[in-house]
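> model this:
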Amino acid sequence: MRMGGRRLSGAVRRVSCGCRQGPARRAAARLRGRDAGSIMKDERIMNPGNVGNIGTTLAAGTAAGGRRLGSSFAVAFRMTLRSMPSMGSVPTTIVQIVAAPVFNTLFYMMLAWSGALLADPSASDGAGPAIAALVGSGCVGVCTLVAETLANDRFEGTMPYMLLGGSSALVLWAGRIGAMLVVGVLSDLASLLAVMATVGPFALSWAHWLLVAALILVSSLACLGVGLLVAVASLAMSDELFLSNTVGYVLPLVCGVVAPVSVFPRPFAAVLYVLPLPWLTDAARDLAAGDEVRAGIGMGVAVAIGAAWGLLAVIGRRLAMTINRRHDNVTGLGI
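As a prediction, this is how the structure comes out:
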């Protein structure tokens with residue numbers, strides 16, 4: 001019995017020692033000193049179909065690496081940047097932040113100018129249509145960026161990390177939203193410089209240009225909610241990019257980017273104002289016309305509407321998680 005006891009205790013010691021070097025501990029040891037972005041990049045290259053393991057590995061690495069991997073906010077921030085479809089390399093990042101938004105803004109601005117000249121051949125003030133195109137294009141860009149990034153969670157392995165990261169969900173989501181907001185604001189600032197070079201820096205006073213920059217920041221923040229709700233709806237579809245691509249083409253046509261929403265019939269225009277984008281494009285035109293008070297009211301209403309859309313996105317995601325848990329199915333949530 002003593003021999004058996006010694007063998008049993010030795011086995012227990014070996015098992016306990018083995019637990020120290022179990023898969024999670026070994027994965028955590030390998031992760032020490034590495035950032036989450038490089039981990040995700042290596043995982044996509046070596047095993048792109050291993051969606052669940054990357055989230056679990058990152059969760060273990062965050063718990064064991066702790067300070068080496070940085071705060072949860074920083075990890076979520078970098079993971080989001082690495083998981084964006086158009087941020088995989090330096091050239092594609094430049095296209096995402098500079099080239100694409102600038103060309104889109106100039107395209108909508110030319111359309112708006114041509115429409116204004118057809119309506120009034122004597123019109124010479126192009127600042128209003130230009131700023132409306134700038135703000136509207138930026139809003140659409142933020143909506144599609146958020147929708148595409150979050151809709152790709154099922155393939156990038158970030159959703160398991162959000163569920164198993166071992167940190168506050170609020171901090172993790174703050175890091176993710178912060179990354180998308182930074183990309184959107186940088187894109188809008190690049191477009192702003194292009195618009196200033198096109199219409200001339202003296203088309204507006206410098207105080208008005210600063211107000212335009214503030215309007216850009218508010219617009220990016222107000223349109224996050226729309227992108228979040230589109231992303232939640234995309235997770236319930238077999239094609240994760242169908243809805244975001246559709247939104248990217250429809251919103252510029254119906255939200256005042258090229259022409260004011262007032263050109264539509266009144267019932268249809270009233271329905272469009274449930275979105276924050278028409279309020280923001282109207283605020284841009286009011287700002288160009290010198291009506292700062294009305295522009296400020298429109299910005300405030302847009303932020304409130306965007307917050308309501310964000311709240312609907314949170315409710316929709318929780319409802320989807322509840323339904324999937326009830327049916328023992330989590331594939332629709334990106335896992």
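> going by C-alpha atoms from here, please, whenever you check contacts or count neighbours.
Fine.
> name the helix or strand for residue 280, please.
Using DSSP states H and E, residue 280 maps to helix 276-288.
> one more: residue 142?
helix 127-151.
> for that helix, name the packing helices and strands.
helix 100-119, helix 169-199, helix 206-222, helix 224-234, helix 242-254, helix 276-288 (3 or more C-alpha pairs under 8 Å, 6 or more residues apart in numbering; DSSP states H and E).
> nearest to residue 153, out of the ones you listed?
helix 224-234 (9.7 Å; C-alpha to C-alpha).
> what's the mean pLDDT across that closest one?
The pLDDT scores in helix 224-234 average 90.
> give me the angle between the next helix or strand after the helix holding residue 280 and helix 224-234.
Sequence order places helix 292-326 as the next helix or strand after helix 276-288, per DSSP H and E. Helix 292-326 and helix 224-234 meet at an angle of 20 degrees, taking axes from the mean of the first three to the mean of the last three C-alpha atoms, to 10 degrees as the criterion.
> tell me what helix 292-326 is packed against?
By 3+ C-alpha pairs under 8 Å, 6+ apart, helix 292-326 packs against helix 206-222, helix 224-234, helix 276-288.
> thought residue 143 was touching residue 224?
Yes: if you go by C-alpha atoms under 8 Å, residue 143 and residue 224 touch, sitting 6.2 Å apart.
> before we move on, back to that, any idea of the mean pLDDT for the helix holding residue 142?
Here the average pLDDT along helix 127-151 is 89.
> and the angle for that helix with helix 224-234?
Using the same axes, to 10 degrees: helix 127-151 against helix 224-234 is 40 degrees.
> and helix 127-151 with helix 206-222, angle?
Using the same axes, to 10 degrees: helix 127-151 against helix 206-222 is 30 degrees.
> and the angle from helix 127-151 to helix 276-288?
150 degrees.
> if I look at residue 305, how far off is residue 219?
Distance, residue 305 to residue 219, by C-alpha to C-alpha, to the nearest Å: 11 Å.
> quick one, phi/psi of residue 235?
Main-chain torsions, residue 235, degrees, to the nearest 10: phi -70, psi -20.
> just list the residues touching residue 305, thanks.
222, 274-276 (C-alpha atoms under 8 Å, 6 or more residues apart in numbering).
> farthest-separated two in the residues you listed?
Every pair of the contacts of residue 305 checked by C-alpha to C-alpha; the farthest is 222 and 274, at 12.5 Å.
> between the two, who's got more neighbours?
Each of residue 222 and residue 274 has its neighbours counted (other C-alpha atoms under 10 Å); residue 222 has more, 30 against 15.
> correct me if wrong: that one contacts residue 276.
Yes: between residue 222 and residue 276 there is a contact under C-alpha under 8 Å: 6.7 Å.
> need the residues touching each of those two.
Contacts common to residue 222 and residue 276, judged by C-alpha under 8 Å, 6+ apart, are 302-303, 305-306.
> kindly reformat those as TSV containing distance to residue 235 and pLDDT.
Formatted as TSV, the shared contacts of residue 222 and residue 276 follow (distance: C-alpha to C-alpha, whole Å; pLDDT from 0 to 100):
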residue	distance to residue 235	pLDDT
302	26	96
303	25	96
305	23	96
306	20	95
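> distance to residue 209 added to those, as TSV?
TSV is the format used below for the shared contacts of residue 222 and residue 276 (distance: C-alpha to C-alpha, whole Å):
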residue	distance to residue 209
302	20
303	20
305	25
306	24
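> out of those, who's nearest residue 314?
residue 306 (12.5 Å).
> now for the closest one: which residues touch it?
Here residue 306 is in contact with 221-226, 275-276 (C-alpha under 8 Å, 6+ apart).
> do you know how far the nearest residue in space to residue 303 that is not next to it in sequence is from residue 290?
Sequence neighbours aside, residue 222 is the residue nearest to residue 303 in space, at 4.6 Å (criterion: C-alpha to C-alpha, 6 or more residues apart in numbering). Distance from residue 222 to residue 290, counting by C-alpha to C-alpha: 22 Å.
> ditto for residue 152
Residue 152 is 42 Å from residue 290, by C-alpha to C-alpha.
> the two - which one has more neighbours?
residue 152 (21 against 13).
> surely the more buried one touches residue 239?
No: the pair residue 152 / residue 239 is not scored as a contact, 10.1 Å apart, by C-alpha under 8 Å.
> what's the overlap in contacts for the two?
With C-alpha under 8 Å, 6+ apart, residue 152 and residue 239 have no common neighbours.
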